[in-house]
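Q: model this:
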Amino acid sequence: MLSESGPARAERLRRAFVEVARRLSHMPGMGHTRADLTERPVLFWSVHDLLVAYRPDTRPIEIVRVIHGARGPEALRRELEA
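A: A predicted model of the protein is given here:
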């Protein structure tokens, strides 16, 4: 999937996000914490090469950030604390 671009990739990502949002809304605790990245009350879930940070305690769940997973830990920490 990394080698593709354009509308086909965008549509696959959109479908993946819709499916993940659906699953997380039904089972909001299925993500994992990342104490190495943030102390905020968020959980994380991967979608392809992206990392979704979300608040499982809100209804509906609140997606806080979507970050590219290839970023290093320092960059991820800065992004999450912004």
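
Q: residue contacts, E79?
A: Under the criterion of CB atoms under 8 Å, 6 or more residues apart in numbering, the neighbours of E79 are R65, I67, R71. Any C-beta I mention is one placed from the backbone N, CA and C, and that applies to glycine too.

Q: which one of those residues is nearest E81?
A: The shortest distance between E81 and any of those, using CB to CB, involves R65 and amounts to 10.2 Å.

Q: That closest one - that's part of a strand, no?
A: Yes - the assignment for R65 is a strand, going by DSSP: H, G, I helix; E, B strand; the rest coil.

Q: For it, name its beta-bridge partners.
A: Note on R65: beta-bridge partners A53, judged by DSSP bridges.

Q: tell me the contacts of the nearest residue to R77 once chain neighbours are set aside?
A: Ranked by CB to CB, 6 or more residues apart in numbering and with sequence neighbours excluded, the top spatial neighbour of R77 is L37, at 5.4 Å. Residues touching L37, when contacts are defined by CB under 8 Å, 6+ apart, comprise F44, P73, L76, R77, L80.
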